[in-house]
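> sequence first, then the predicted structure:
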Amino acid sequence: MNYDRLIRRSILGITHYEPGKPIEEVQRELGIDDVIKLASNENPLGPSPRAVEAAEKLLAEAHIYPDGGAYRLKEALAADLGVEKDELIIGNGSDEVIKLLAEAFFQPEDEVIVADPTFGEYAYATQLMGARLVKVKGEGLGHDLERMAAAVTERTKAVFICNPNNPTGTMNNRGEFENFLRRIPERVLVILDQAYFEYVEAPDYPNGIDYRHDGRVLTLRTFSKIHGLAGFRIGYGVGAKELVGYLNRVREPFNVNRFAQEAALAALTDTEHIQRSRELNRAGKDQLYRAFETMGLDYLPSEANFILFATPYPARDLFKALQRRGVIVRPADIFGLPNHIRVTVGTPEQNQRFIRALQEVLAGWQGNQ
């Protein structure tokens, strides 16, 4: 069948998202059993035991639809964050909230501004609705908010800010963000993606939720990272009631399953798990920083649970060589950085295995020159 006359033309420019390789896929492809994954910024401690227990209790009730409004989770989040329930939207991961925003607001004549490099879902949602993506590259690899503000035109509908940024781990401080907001017209939406919010240690980091009454600012958070619930797919957005109301118009009625809602509700209460995850991440970053410095590799100090580092060889080749040693990382060529690797901070043992594998690969290549 010829689909040329049927297809919506805007989707033809969409590049399929390339996720971090699953452990099972590497095991199948290479025939090896002992594989670790440091590619998708997952919590190496796994989920909170409370979250696991809460989800398990619902297994016998899998035939019952979830609460479409996620009332109990919204109630708990509202209390935890100091917001109202109507200022919250729960999504099938924060990715879904990005897509809902695009479906509710983006049109073909619109422009949407993003940093370069940054998280690929912003481009996907923009192109899905036929809007024009405007990439702004700064002096470094993070967000240059001055240049992004200067890129706003009459056609600009929204600006995405990933803070800390994925894949760089860089952060914009409170002063930079507020200066940016002052330069942005009231008609432009500002989506502040704070997926790694809980890992940030910088004292001048802006809490996006503080700006919800501005009306333009939608803050995204997730349970996938520090809470360790990536497999459940649950995240949320916080913004003005009217803004959230429009997102709910395009939201599917049962978009977040019961297990995810209950696991998230339990995870919120496990402050010990959150603190252990922070401490593990802090120590792991120091461990990896020292190793990169010993190997003479440039890296970006990170406010997240991953580190971007430069390689003397093509990232894709290094990715494959590490994979053959049972270590999965993320080649940053998908972000337009052909000589960079993003590695997730793991347990001390996982970090050391990655370091050892990286040293072996680099030594082997240098010996063949």
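Noted; the coordinates are in hand.

> the strands in the stretch 251-369 of the chain, which residues?
Along the stretch 251-369 of the chain, counting by DSSP state E, counting those that start in this stretch, strands occupy 306-310, 327-328, 330-331, 340-344.

> which strands and helices lie in contact with the first one?
In this structure, strand 306-310 packs against helix 271-295, strand 340-344, with contacts taken as 3 or more CB pairs under 8 Å, 6 or more residues apart in numbering; DSSP states H and E. Yep, even glycine has a C-beta here, placed from its N, CA and C like the rest.

> picking that back up, just so I know, which of the strands of the stretch 251-369 of the chain lies nearest His273?
strand 340-344 (17.7 Å; CB to CB).

> redo the helices and strands packed on strand 306-310 as CSV? Include mean pLDDT, distance to Phe254 and mean neighbour count.
Below are the helices and strands packed on strand 306-310 laid out as CSV (pLDDT from 0 to 100; distance: least, CB to CB, whole Å; neighbours: other CB atoms under 10 Å):
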stretch, mean pLDDT, distance to Phe254, mean neighbour count
helix 271-295, 98, 28, 16
strand 340-344, 98, 31, 26
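
> quick one: residues contacting Pro49.
Residues near Pro49 by CB atoms under 8 Å, 6 or more residues apart in numbering: Asp270, His273.

> point out where this protein drops to low pLDDT.
The chain contains residues with pLDDT under 70 at 16, 367-369.

> how does it divide into domains?
9-46+272-367, 49-270 (automatic domain parsing).

> want to throw the strands of the stretch 251-369 of the chain into a markdown table with distance to Glu18?
Listed next are the strands of the stretch 251-369 of the chain as a markdown table, based on distance: least, CB to CB, whole Å:
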| stretch | distance to Glu18 |
| --- | --- |
| strand 306-310 | 16 |
| strand 327-328 | 13 |
| strand 330-331 | 9 |
| strand 340-344 | 12 |
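
> do you know which of these lies nearest Glu61?
Nearest of these (CB to CB): strand 340-344, 33.9 Å.

> each with direction, which strands does the closest one pair with?
strand 306-310 (antiparallel), strand 330-331 (antiparallel) (DSSP bridges).

> and those as CSV, adding mean neighbour count and distance to Asn248?
Output for the strands paired with strand 340-344, formatted as CSV (neighbours: other CB atoms under 10 Å; distance: least, CB to CB, whole Å):
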stretch, mean neighbour count, distance to Asn248
strand 306-310, 23, 32
strand 330-331, 26, 33
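
> tell me which of the ones you listed sits nearest to Ala195.
Once these are compared by CB to CB, strand 306-310 is nearest, at 11.1 Å.

> the closest one vs helix 271-295, what angle?
10 degrees (axes from the mean of the first three to the mean of the last three CA atoms, to 10 degrees).

> ok, now which ones touch the nearest residue to Asp110 once chain neighbours are set aside?
Spatial nearest neighbour of Asp110, chain neighbours left out: Lys157 (3.8 Å); criterion: CB to CB, 6 or more residues apart in numbering. Lys157 makes contact with Phe105, Phe106, Gln107, Asp110, Glu111, Val112, Ala131, Val188, Leu189, according to CB under 8 Å, 6+ apart.

> cutoff 10 Å now
101-102, 105-107, 109-113, 126, 129, 131-132, 187-189 (CB atoms under 10 Å, 6 or more residues apart in numbering).

> please put the alpha-carbon coordinates of the helix or strand hosting it into PDB.
For Lys157, the host element (DSSP states H and E) is strand 156-162. In PDB, the C-alpha atoms belonging to strand 156-162 read as follows (Å, rounded to 0.1, in the frame of the first residue of the first chain):
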ATOM      1  CA  THR A 156       8.000  31.200  19.600                       C
ATOM      2  CA  LYS A 157       5.500  29.200  21.600                       C
ATOM      3  CA  ALA A 158       7.700  27.500  24.200                       C
ATOM      4  CA  VAL A 159      11.200  27.100  25.500                       C
ATOM      5  CA  PHE A 160      12.500  23.900  27.100                       C
ATOM      6  CA  ILE A 161      15.100  24.100  29.800                       C
ATOM      7  CA  CYS A 162      16.600  20.800  31.200                       C
END
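
> can you tell me the strand partners of it and which way each runs?
Here, using DSSP bridges, strand 156-162 pairs with strand 111-115 (parallel), strand 189-193 (parallel).

> next one: the first one to chain centre, how far?
In terms of CA atoms, centre = their mean, to the nearest Å, the gap separating the centre of strand 111-115 from the centre of its chain is 17 Å.

> show me what the next helix or strand after that strand is packed against.
Downstream of strand 111-115, the next assigned helix or strand under DSSP H and E is helix 121-128. Packing contacts for helix 121-128, counted by 3 or more CB pairs under 10 Å, 6 or more residues apart in numbering; DSSP states H and E, involve helix 94-105, strand 111-115, strand 132-136, strand 156-162, strand 189-193.

> what angle do the fourth one and strand 132-136 make?
Computed by the same axes, to 10 degrees, the angle separating strand 156-162 from strand 132-136 equals 50 degrees.

> now strand 156-162: how far from the chain's centre is it?
The answer for strand 156-162 is 15 Å, by CA atoms, centre = their mean.

> just the last one next, same as before
For strand 189-193, the gap between its own C-alpha mean and the chain's C-alpha mean amounts to 13 Å (CA atoms, centre = their mean).

> next: the third one.
Relative to the centre of its chain, strand 132-136 is centred 19 Å away, using CA atoms, centre = their mean.

> now do the helices in this protein.
Using DSSP state H, the helices found in the chain span residues 23-30, 49-56, 71-81, 94-105, 121-128, 145-150, 174-183, 241-250, 258-269, 271-295, 315-324, 348-367.
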